[in-house]
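Colleague: With the sequence up front, the predicted model follows.
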Amino acid sequence: MKLKTDKRRDVFDEAVEDTEDAEVEALDVAESEDTATEPESDEVTGPSDEKPSDKPSNEKPAETVTSPNQRRGVVLGVAAGILVAALLGGGGFVGWQLWQTKQVIAAGNQAKDAAVNYAQVLTSIDSNKVDENFDQVLAGATGEFKDMYSQSSMQLRQLLIENKATAHGVVVESAVQSATKNKAVVLLFVDQSVQNTAVPDPRIDRSRIKMTMEKVDGQWKASKVELP
């Protein structure tokens, strides 16, 4: 009986040991599974602890703040450049206009001076110096008036000599009606003292002359003479 009891105890002890071994193995497997799943949980929870979205959210507003300032600076720089160019261009154009105006005024004054001198040559004559007078008139003429005077000079010369005519003209007033750098129209009032065989006593005639002057080879000459 004692032997059977010992055998039963041995069998029970072995069963207990097997049960304990199975429990230990089950615990080991559970621990291994826990350790295997821990890295995955770390990877999931780790980024949420670090809060990676904090920095980008702070950086983007900085870009939105500075970029409009940069664009505003570029726009202001371009606008300033355009304004300066416009001012310089406008100033250059105004300066050019003033220069052109001065050139035209100077040309008109030169034409007027030449017209005054020529009107006095044209209205002064001495029957004893007819050829000399004609040469002076032709020297100051050009274009249409020069052709007309050349054609009528022979007939006029004969009349002056036959009537022993003399005349002396003085310009009492003159003004520029219109002018460009190469052409001008001048109005003149001329007092002319006339004497001939029919009128032995000098007589004063006042004439109004409209004279067109043109610049030819640097000299102002009469291209048209009218008595309006």
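Modeller: Happy to help now that I have it.
Colleague: buried residues in stretch 182-202?
Modeller: Neighbour-count burial for stretch 182-202, with 16 or more other CB atoms under 10 Å as criterion, is recorded at 183-188, 190, 192, 194-196. Backbone N, C-alpha and C define where each C-beta goes, glycine included.
Colleague: Which residues does stretch 161-168 contact?
Modeller: Contacts of stretch 161-168 from elsewhere in the structure, counted by CB atoms under 8 Å, 6 or more residues apart in numbering, are 123-127, 130, 159, 192-198.
Colleague: that's a helix at K215, yeah?
Modeller: No: note on K215: no helix contains this position according to DSSP: H, G, I helix; E, B strand; the rest coil, which reports strand.
Colleague: Show the contacting residues for the nearest residue to it once chain neighbours are set aside.
Modeller: Closest residue in space to K215, ignoring its immediate chain neighbours: N182 at 4.5 Å, by CB to CB, 6 or more residues apart in numbering. For N182, the contacting residues are 107, 214-215, by CB under 8 Å, 6+ apart.
Colleague: backbone phi and psi for I204, please?
Modeller: Main-chain torsions, I204, degrees, to the nearest 10: phi -100, psi 120.
Colleague: right, I mislabeled it, should have said Q219
Modeller: Dihedral angles phi and psi of Q219 (degrees, to the nearest 10) take the values phi -120, psi 140.
Colleague: what pairs with it across the strands?
Modeller: Per DSSP bridges, residues listed as beta-bridge partners of Q219: V216.
Colleague: returning to what we had before: K210 versus the residue nearest to K215, what's the distance?
Modeller: 18 Å (CB to CB, to the nearest Å).
Colleague: and if you look at Q120?
Modeller: Separation of Q120 from K210 (CB to CB): 16 Å.
Colleague: Verify the stated contact: S178 with A184.
Modeller: Yes: in this structure S178 lies within contact range of A184 using CB atoms under 8 Å: 6.7 Å.
Colleague: tell me, what's touching the two both at once?
Modeller: Both S178 and A184 lack any common contacting residue under the criterion CB under 8 Å, 6+ apart.
Colleague: What ranges in the chain fall below the confidence cut-off?
Modeller: In the prediction, the chain carries residues with pLDDT under 70 at positions 1-81, 83-93.
Colleague: quick one, helices of it?
Modeller: Listed from the start of the chain, the chain has helices (DSSP state H) covering 2-50, 54-122, 130-139, 143-163.
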